[in-house]
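**Student:** sharing a model prediction with you, sequence too.
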Amino acid sequence: MAGLDTASVSDLIFTSGTTGRPKGVVQTHGQSLRAASDWADIVGLRADDRYLCINPFFHTFGYKAGILTSLMAGSTLVPMPTFDLDAVPAAITEERITTIPGPPTIYQTLLNHPGFDPSTADSLRLAVTGAAVVPVELVERMRDTLGFETVVTAYGLTECCGFATICRSDDDPETIATTSGRAFPGVEVAVMDDHGSLLPPGTPGEVVVRGYNVMQGYFEDPEQTAEAVDPEGWLHTGDVGTLDRRGYLDITDRTKDMFICGGFNAYPAEIESTLSEHPAVAQAAVVGVPDPRLGEVGFAFLVPATGVEPPDEADVVAWSRERMANFKAPRFVRWVDALPLNPSGKIQKFVLRDEAGDLLATPTATPDPDPGADA
């Protein structure tokens, strides 16, 4: 049997399935080790760090940005067996945790957790977040309330080892709060239109990635592989974003999450960011639902902040109308105790779409108080 080398297949990781059926992604040893080493160097992971790994090991965030990066840096990995936010506060204080990478939902839930006292978490120094759009308000609260010295945003997909772009430690606070950083060394990141042409800085389009980190393909699925990776080697991510002139990426949303209201493209992440500014809202998730007049309209699921009495759902709709364009403002609002998450902490939008459909079929959601308004 021939020995292994950098081109040998190292793992088969399945996609999160937040938009549908998971697919198996094939990667090699060389891809995984190079990307993990660069991640550890860029974020400044140290041998004396104590890394709380909440993300599951069957996902690239827990496996490659967790196990592999800790091995590269020599840091101590403190794994959590399940996605259990009730156990996180005790783990932070008892284990003197310094580093918590994870999706935004982890920090949002921690900030809203009645059993967590941030004053007991004086060991925290490094947070690396991504996997979804990160509101500026969340980054500020991670620094000011949770006490992280460094908050770095990053972006990646299973199809590119989990790593594509990342901020650097010397980036200014505005860059860290409003972008997902720039490409990893040896990786190209661009924005493309529907016709396959690369777009200039500041122009929104689909984010595409090319480089050593792009997968070998989907397991036993050449047709889906050809759809995802074009003949020029660009991985089509399905995410919408813009690049600035420095090459820093701003993720707007996922193309599959976008809905069209009255002929206008509505991006849920932008709407969710505005809804998160409401003092009664801890978390927000928006999906598009069918509408006979406008094609699609927004349906918002909201988790209330701890200790706050949620206002009437119609009042939230009216509040939204005052702060965003009419086509963006959700027509329906529903308060919920929690949002459906997969094991890696990502919101399962397809579950919410089904739930919204069920609610509209038995009208318990609060309708838009002015349904005849123009989009």
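**Tutor:** Nice, I can see it.
**Student:** now the helices for the stretch 151-300 of the chain?
**Tutor:** 173-178, 222-228, 268-275 (DSSP state H, counting those that start in this stretch).
**Student:** closest to K346 out of those helices?
**Tutor:** helix 268-275 (12.8 Å; CB to CB). In this view, the C-beta of every residue, glycine as well, is placed from N, C-alpha and C.
**Student:** quick one: contacts for the closest residue in space to E272 that isn't next to it in sequence?
**Tutor:** Nearest non-adjacent residue to E272, counting by CB to CB, 6 or more residues apart in numbering: A284, 4.3 Å away. Contacts of A284 were listed using CB atoms under 8 Å, 6 or more residues apart in numbering, and they are 271-272, 275-276, 300-303.
**Student:** hmm, back to that, out of the helices of the stretch 151-300 of the chain, which one sits most buried?
**Tutor:** Counting by mean count of other CB atoms under 10 Å, helix 268-275 has the highest mean neighbour count of the helices of the stretch 151-300 of the chain, with a mean of 22.
**Student:** which stretches of the protein have low pLDDT?
**Tutor:** Applying pLDDT under 70 to the chain flags residues 1-2, 16-21, 83, 131-135, 253-255, 263, 343-345, 363-375.
**Student:** any idea how it splits into domains?
**Tutor:** The chain breaks down into these domains under automatic domain parsing: 9-254, 259-361.
**Student:** let's have those in TSV, adding distance to G3.
**Tutor:** Output for these, formatted as TSV (distance: least, CB to CB, whole Å):
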stretch	distance to G3
domain 9-254	11
domain 259-361	33
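**Student:** of all the helices of the stretch 151-300 of the chain, which one comes closest to D84?
**Tutor:** Here helix 268-275 is closest among those (CB to CB), at 24.4 Å.
**Student:** which helices and strands does the top helix by length along the chain pack with?
**Tutor:** In the chain, with assignment by DSSP state H, the single longest helix is helix 29-43. Under the contact criterion of 3 or more CB pairs under 8 Å, 6 or more residues apart in numbering; DSSP states H and E, helix 29-43 touches strand 9-14, helix 69-73, strand 150-155, strand 165-166.
**Student:** and the contacts of A284 as a markdown table, adding distance to E95?
**Tutor:** Formatted as a markdown table, these follow (distance: CB to CB, whole Å):
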| residue | distance to E95 |
| --- | --- |
| I271 | 37 |
| E272 | 32 |
| L275 | 34 |
| S276 | 30 |
| A300 | 37 |
| F301 | 33 |
| L302 | 33 |
| V303 | 27 |
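**Student:** list just the nearest of these to A183.
**Tutor:** E272 (26.0 Å).
**Student:** can you give me the strands in the stretch 151-300 of the chain?
**Tutor:** 165-166, 182-183, 187-192, 205-211, 217-218, 235-243, 249-254, 259-261, 264-266, 281-291, 295-304 (DSSP state E, counting those that start in this stretch).
**Student:** which other residues reach the fifth one?
**Tutor:** The contact list for strand 217-218 (CB under 8 Å, 6+ apart) reads 23-26, 224-225, 228-229.
**Student:** max pairwise distance over the residues you listed: which two?
**Tutor:** G24 and V229 (14.7 Å).
**Student:** give me the more crowded residue out of these two.
**Tutor:** Regarding G24 and V229, a neighbour count based on other CB atoms under 10 Å identifies V229 as having more, with 21 against 16.
**Student:** what about the more buried one, distance to G217?
**Tutor:** Going from V229 to G217 by CB to CB, to the nearest Å gives 7 Å.
**Student:** over to T120?
**Tutor:** 47 Å.
**Student:** bridged to L198, which residues?
**Tutor:** Taking DSSP bridges as the rule, L198 bridges to M192.
**Student:** which ones are touching it?
**Tutor:** Residues in contact with L198 (CB under 8 Å, 6+ apart) are 190-192.
**Student:** ok, the residues you listed vs L146, which is closest?
**Tutor:** Using CB to CB, these come closest to L146 at V191, 32.2 Å.
**Student:** hmm, the closest one is touching L199, no?
**Tutor:** Yes: between V191 and L199 a contact is recorded at 4.7 Å, counting by CB atoms under 8 Å.
**Student:** need the overlap of contacts for these two.
**Tutor:** Common neighbours of V191 and L199 (CB under 8 Å, 6+ apart) are G205.
**Student:** redo the helices and strands packed on helix 29-43 as JSON lines? Include mean neighbour count.
**Tutor:** Output for those, formatted as JSON lines (neighbours: other CB atoms under 10 Å):
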{"stretch": "strand 9-14", "mean neighbour count": "16"}
{"stretch": "helix 69-73", "mean neighbour count": "20"}
{"stretch": "strand 150-155", "mean neighbour count": "24"}
{"stretch": "strand 165-166", "mean neighbour count": "24"}
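**Student:** nearest to N265, of these?
**Tutor:** Closest among the helices and strands packed on helix 29-43, using CB to CB: strand 150-155, at 20.7 Å.
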